[in-house]
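Engineer: sequence? don't have it. structure:
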């Protein structure tokens, strides 16, 4: 034991000697201070949440949001002041990174109009100020159309208005900062989507209507999908069963198709294509009757499919919004990164005239 301890001490002394020699031979550079230079410009500042002009509409009297901003300076930020309606709510002067400041401030909104101001000062006294305006209103929504059973406006919320229900959020979807109707819309993100229970939507006749702005950089995605759980005893992973429920999905960038299960088999509607180069909002609807399916673009039918039997809802317990996940991931139909706005479900098969009424109403 004595000899082993001596050997260990000699080994450590050898390491120290080698390190000291390396330093003397300048094999390890000395740490030296680098002059950051003179401050050349005022801080860059961006309010990242909410967006300017945002009108939060909810069925509740209060709403929690994040007031957020990002600031960057070439040398050093010394102070950041946050005001809401002229009242200071935060004052920051101690930062982990003095050149890049990112802050999120949880805030409970009540109904009213708001002015959100951030002022950032750098080390030599340069000042940058940004201001946005937004509002919040409590809305009592009543169905506007016969058979309307579900409505989301995405104006800063993931609320379903008819049943006053919060929709389950998976991942980190966002808001587009633009809309076809209202002040905002849903912006898709990778591995992100919404789900809603099937509840009163499981009818042998069904329709969906929404505005959609396609992201041309994506080739395949699920848009609206409702698929069964293969085996209730197993985890809820990818199932890819198509014998019940429905699946509206896109492939080849701008082609939309619909698949419907009837309990023992499936029916296909090969739909049609949207010109992705236009970069425009398009109204999309599909209807499911007991005998056929129809897909509409901007109020006009583009394709009809035949059903050998009415839709089956066996094993279907929720609808995924803007994804095929978690149960229809076949052929790569995962989350959609496009925008969607003004989503409505109906427990009836809309006629062409009714599809146009919905589209024209939401254009107001």
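Structural biologist: Good, I have the coordinates. All values derive from a computational prediction rather than experimental measurement.
Engineer: Break this structure into its domains for me.
Structural biologist: Taking automatic domain parsing as the domain assignment, the record places the domains of the chain at 44-138, 148-362.
Engineer: Could you export those domains to TSV, including columns for mean neighbour count and mean pLDDT?
Structural biologist: The C-beta positions use only the backbone N, C-alpha and C, and glycine is treated the same way. What follows is the domains of the chain, written out as TSV (neighbours: other CB atoms under 10 Å; pLDDT from 0 to 100):
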stretch	mean neighbour count	mean pLDDT
domain 44-138	16	94
domain 148-362	19	93
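Engineer: Would you point out which residue is most central in this protein?
Structural biologist: Closest residue to the average C-alpha location of the chain: residue 173 at 1.7 Å, with CA atoms, centre = their mean.
Engineer: That residue reaches residue 190, doesn't it?
Structural biologist: No. Counting by CB atoms under 8 Å, residue 173 stays clear of residue 190, with 9.9 Å between them.
Engineer: Name all residues that make contact with residue 218.
Structural biologist: With contacts taken as CB atoms under 8 Å, 6 or more residues apart in numbering, residue 218 has the following neighbours: 250, 253, 336, 337, 338.
Engineer: excluding its backbone neighbours, what's nearest the last one?
Structural biologist: Of all residues beyond its chain neighbours, the one nearest residue 338 is residue 215 (4.4 Å), with distances taken as CB to CB, 6 or more residues apart in numbering.
Engineer: That neighbour and residue 70, how far apart?
Structural biologist: Here the distance between residue 215 and residue 70 works out to 24 Å (CB to CB, to the nearest Å).
Engineer: do the same with residue 195
Structural biologist: Distance from residue 195 to residue 70, counting by CB to CB: 31 Å.
Engineer: sorry, back to before: may I have the phi/psi pair for the residue nearest to residue 338?
Structural biologist: Summarising the backbone geometry of residue 215 under the convention degrees, to the nearest 10, its torsions are phi -90, psi 110.
Engineer: got it, and residue 312?
Structural biologist: In terms of degrees, to the nearest 10, the main-chain angles of residue 312 are phi -110, psi 140.
Engineer: In this structure it contacts residue 267, no?
Structural biologist: No. When contacts are counted by CB under 8 Å, residue 312 is not listed as touching residue 267 (11.1 Å).
Engineer: Could you tell me how far stretch 147-165 lies from the centre of the chain?
Structural biologist: Averaging C-alpha coordinates over stretch 147-165 and over its chain gives two centres that are 16 Å apart (CA atoms, centre = their mean, to the nearest Å).
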